[in-house]
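Student: With the sequence up front, the predicted model follows.
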Amino acid sequence: MSVLLEFAMFPTDKGDSVSKYVSKIIEMIRDNNFNYKLTAMGTIVETDTLAESLEIIQNSYNILEPFSNRVYSTITFDIQKKKDNRLAGKIQSIEQKIGKVSH
């Protein structure tokens with residue numbers, strides 16, 4: 001099974017820059033050896049189970065909660081059985097098709 005979790009989570013009461021807080025979440029993901037991709041608008045993580053993805057969300061909130069009275073989050077899941085390595089595979093599939101397009 002492959003669960004792609006795309007999410008953003010940050011405190012809303014810490015001013016314009018929240019990278020100090022978001023970086024703590026990314027460290028947690030990295031330290032737990034999850035395959036992830038950081039983007040300008042959020043983070044994409046691939047896990048083997050939905051429970052692991054939900055645990056990332058809970059742990060992320062637990063990181064922010066002591067620092068903030070209000071936390072905002074967006075969360076999207078793409079869950080597919082009998083698949084793995086989709087974080088890289090989906091991108092490669094598109095890039096291969098782009099290479100085949102004639103202009």
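Tutor: Arrived safely.

Student: Please identify the helix or strand for residue 72.
Tutor: Assigned by DSSP states H and E, residue 72 falls within strand 71-80.

Student: what pLDDT, on average, does whichever helix or strand comes after that strand get?
Tutor: Per DSSP H and E, strand 71-80 leads on to helix 86-100 as the next helix or strand towards the C-terminus. For helix 86-100, mean pLDDT rounds to 85.

Student: who's in contact with helix 86-100?
Tutor: With contacts defined as Cβ atoms under 8 Å, 6 or more residues apart in numbering, helix 86-100 is touched by 2, 4, 35, 36, 37, 44, 45, 46, 78, 80. The way it works is simple: take the backbone N, C-alpha and C, and place the C-beta from them, glycine included.

Student: Counting neighbours, which bits of that helix end up buried?
Tutor: 86, 87, 90 (16 or more other Cβ atoms under 10 Å).

Student: So, low pLDDT: which residues of this protein?
Tutor: By pLDDT under 70, the weakly predicted segments of the chain are 100-103.

Student: 90 instead, please
Tutor: 84-85, 87-97, 99-103 (pLDDT under 90).

Student: Closest to residue 9 out of the buried residues of helix 86-100?
Tutor: Nearest to residue 9, judged by Cβ to Cβ, of the buried residues of helix 86-100 is residue 87 at 18.7 Å.

Student: mind checking how far the closest one is from residue 67?
Tutor: 29 Å (Cβ to Cβ, to the nearest Å).

Student: what's the answer for residue 79, then?
Tutor: 31 Å.

Student: Next: residue 34.
Tutor: For residue 34, the distance to residue 67 - Cβ to Cβ - is 22 Å.

Student: Would you mind telling me which of these two has the busier surroundings?
Tutor: residue 34 (18 against 14; other Cβ atoms under 10 Å).

Student: Contact partners for the residue lying closest to the more buried one once chain neighbours are set aside?
Tutor: Leaving aside its sequence neighbours, residue 34 sits nearest to residue 45 (Cβ to Cβ, 6 or more residues apart in numbering; 5.1 Å). Neighbouring residues of residue 45 by Cβ under 8 Å, 6+ apart: 4, 5, 6, 7, 29, 34, 35, 36, 53, 56, 87.
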